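# when you get a sec, could you give me coordinates for this:
(one chain, ligands or ions: 1)
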Amino acid sequence: MIRACREMGLATVAVYSDADRAALHVLYADEAYRLGPAPASESYLRGDLILEIARQAGADAVHPGYGFLSENAEFAEACAAAGVTFIGPPASAMRVLGSKTRARQAADAAGMPRVPGSVTGLAGVDEAVRVAAEIGYPVMLKAAAGGGGKGMRAVARPEELAAAFVAASSEAERSFGSGEVYLEKLIERPRHIEIQLMADEHGGCLYLGERECSVQRRHQKVIEEAPSAVVGEDLRRRMGEAAVRLALSAGYVNAGTVEFLVDAEENFYFLEMNTRLQVEHPVTEMVTGLDLVRMQLLVAMGERLALRQEEVRLRGHAVECRIYAEDPENSFFPSPGLITRLVQPGGPGIREDCGVYAGWVVPMDYDPMLSKLVAFGETREVAIDRMLRALEEYSIGGIKTNIGLFRRILMDEDFRAAKIDTGYLERLLAAGWMEGREAAPEDVVAVAAALFATAKGPAPAEGAGERIEESRWALAGRREGLRL
Ligand code: MV4
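Below is the predicted model:
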C-alpha cells in the first residue's frame, strides 16, 4: 500500500502497536503513530484511535489492509462519519455480504449458481432435518456469521444431524455472537477458486481472472496461483460474469473477491464474498499486469475504471508461497524470534513482498507471516521451477520457517499435474511429508560442517581463481558455515 502511494505521490501515515515499533511498514511510511500495546484489541482493532490519528495527521483516507478492521462495516461507517475515505466497499455492501445467508439470497437474485441448501437461518433441529432430507446427505452445517471453518460441521447421516446442529450453533454463538446456522449440500473434494473483482462508483465492474487457492491447511492458504489449471476461457467468463452481477446487485465498490467451490465436473458454486483486498492479490497482479492497490486508490478518489473488460488480458502464470515463521516438522508451531540473517531471492520472474528484515524480532503476538514469494513464468511449469530456484536462494537465519515444505509440495507429482483439491495438503502431510522429501543435504551437512570447522579451524580465505565446488552438498555446506 505504501509503495503504491509513493508511486502516486501520496504521503503515507503508518500506525503501529508496541510489538511493531520497528516493523518494516513503520520504516517505509512518511510518518508513524503509536496505537497502543501489542494485543490487537488494544491497538489494530481500535477504530476510534485509528480515526483520531487520521484526524491528527490530516489523512484523507484509510486503507484497512487485509485483517483486523478490513471487513468491519461499523469501522467503514465511522470513517465516513469522520470525513475520512474508507478505501473499500460501502458499509451497506459489507453488511449484505458479511452474512452468509443474506449473501446466498443475493446470489439467487443475481442468478449466481450456489450450493443447494437453505438461504435463511434454521429455526431448529426439525427444520434442519427437513432441509437435509430435501437436498440429500452428506450435508454441511455452517454459521451465517462464519468464515474460516468456524461453526462448520459435515454431517454424513440423519442420526448425526441433531448433535451437529447444537454443536455448530453453540460454536457460532461463542465465536461470532450469533448462533444462526444454515445447511448446504456437501461438495466432495472441491477446489477453492476465487474471482478478483474491481468496481468503481459509476457502475463499472471488472473481473480480473481467478486464483486457485486449494492448497491450504486448516483454512489457511499456503500456495495460491493464477490462473487455475482447470479454468478455461468459457468457465472463466461464466464465473466472472456471475461475480460481477452479484457485486453490482449489492452496490459493491472497490476490490472484492468472490469465492467458489468447483467440483470434479467443473460445476462452480458460490461460497462467499470477501469484501477486502486479499493477501494473495499479487498473483492476479502478475498475470494481469495491473496494480490492484493503485486501482483501489483511484476508485476511492472517485475515478472511473481506466479499462474495459475486453482490455483485461491474462498472460503467463504466477505462483505465491506464503512464507511463515513456523515449524512444519513440529505441528506448524509458530517460531517467533530474532532474524539473524536474511538472504532474499531475486532474478527473472521473482517478486517478493516481504515484511521483515535481518535484525527484526518476529513478534509472537500476531500471525507469523514473514513474506509472500511470487514466481511468474510463461507457463505453470516455468513458474513452479522458478519458485523452486528462488526457494533455494532464500536463506533465513535464527527462526524456523516453512520453506522446506514448499520444496516438497512443488516437487510433488500431483501438485505438478495440478491434481489438487482442498484436501490435498492435509493428505500430503498425513502421508509424512519428510518421507517423500528428496535427501536434504543441509541436514547431514550441518553435522559435517561443524566437524570440519572443529577439526581444521577457520577456513583459509579463498584466493583469486580458487575453484568453488558446485555440488548441492558443497553448496549446503557453505551455507551451513555461514549460518548464524
Ligand atoms: C464447503 C465445503 C464442501 N461443501 N461447503 C471451508 C471454509 C468455508 N469458508 C467454506 N468451507 C467449505 N465449505 C460445502 N457445501 C468445503 C469447505 C472447505 C474448504 C473450502 C475452501 C477452502 C478450503 C476448504 C477446506 C476444507 C473445507
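# residues near residue 48, how many?
The local packing of residue 48 (other C-beta atoms under 10 Å) involves 10 other residues. Quick note: C-beta positions are derived from backbone N, CA and C, even for glycine.
# can you tell me how far it is from residue 72?
Residue 48 sits 12 Å away from residue 72, going by C-beta to C-beta, to the nearest Å.
# quick check: residue 426 vs the ligand, distance?
Applying C-beta to the nearest ligand atom, to the nearest Å, the value for residue 426 to the ligand is 8 Å.
# let me redo that: residue 365
Distance from residue 365 to the ligand, by C-beta to the nearest ligand atom: 25 Å.
# grab the nearest non-local neighbour of the residue nearest to the spatial centre of the chain.
With distances taken as C-alpha atoms, centre = their mean, residue 279 lies nearest the centre of the chain, 3.9 Å away. Sequence neighbours aside, residue 66 is the residue nearest to residue 279 in space, at 5.4 Å (criterion: C-beta to C-beta, 6 or more residues apart in numbering).
# can you check residue 25 too?
residue 14 (5.1 Å).
# ok so that neighbour is a strand residue?
Yes. Under DSSP: H, G, I helix; E, B strand; the rest coil, residue 14 sits within a strand.
# what's opposite it in the beta bridge?
residue 32 (DSSP bridges).
# so which other helices or strands are in contact with the helix or strand hosting residue 102?
Assigning secondary structure by DSSP states H and E places residue 102 in helix 100-109. Judged by 3 or more C-beta pairs under 8 Å, 6 or more residues apart in numbering; DSSP states H and E, helix 100-109 is in contact with helix 91-98, strand 181-185, helix 233-249, strand 268-274.
# so it versus helix 233-249, what angle?
Put simply, helix 100-109 runs at 110 degrees to helix 233-249, going by axes from the mean of the first three to the mean of the last three C-alpha atoms, to 10 degrees.
# pLDDT of helix 100-109, averaged?
Helix 100-109 comes out with an average pLDDT of 96.
# next up, phi/psi of residue 262, please.
phi -120, psi 130 (degrees, to the nearest 10).
# 32 is where my numbering starts, stick with that
Renumbered: residue one is now 32, and that last one reads residue 293.
# ok, now which ones touch it?
221-224, 259, 261-262, 299-300 (C-beta atoms under 8 Å, 6 or more residues apart in numbering).
# kindly report the same for residue 181.
Going by C-beta under 8 Å, 6+ apart, residue 181 touches 174, 202-203, 206-207.
# setting aside sequence neighbours, what's the nearest residue to residue 76?
Spatially, and ignoring its direct neighbours in sequence, residue 76 is nearest to residue 99 (5.8 Å; C-beta to C-beta, 6+ apart).
# ok, that neighbour touching residue 71?
Yes. Between residue 99 and residue 71 there is a contact under C-beta atoms under 8 Å: 6.4 Å.
# so how far is stretch 407-418 from its chain's centroid?
Centre-to-centre, stretch 407-418 and its host chain are 20 Å apart (C-alpha atoms, centre = their mean, to the nearest Å).
# ugh, wrong one, stretch 104-121
With C-alpha atoms, centre = their mean as the basis, stretch 104-121 stands 23 Å off its chain's centre.
# count of residues packed around the closest residue to residue 363 other than its chain neighbours?
Distances taken as C-beta to C-beta, 6+ apart place residue 357 nearest to residue 363, at 4.8 Å, with adjacent residues excluded. Residues lying near residue 357 (other C-beta under 10 Å) number 21.
# who does residue 357 bridge with?
Applying DSSP bridges, one finds that residue 357 bridges with residue 365.
# contact partners for it?
363-366, 399, 431-433.
# which of these sits closest to the ligand?
Among the contacts of residue 357, residue 363 lies closest to the ligand (C-beta to the nearest ligand atom), at 15.7 Å.
# correct me, but that closest one touches residue 248?
Yes. Applying C-beta under 8 Å as the test, residue 363 and residue 248 come out as touching, 7.3 Å apart.
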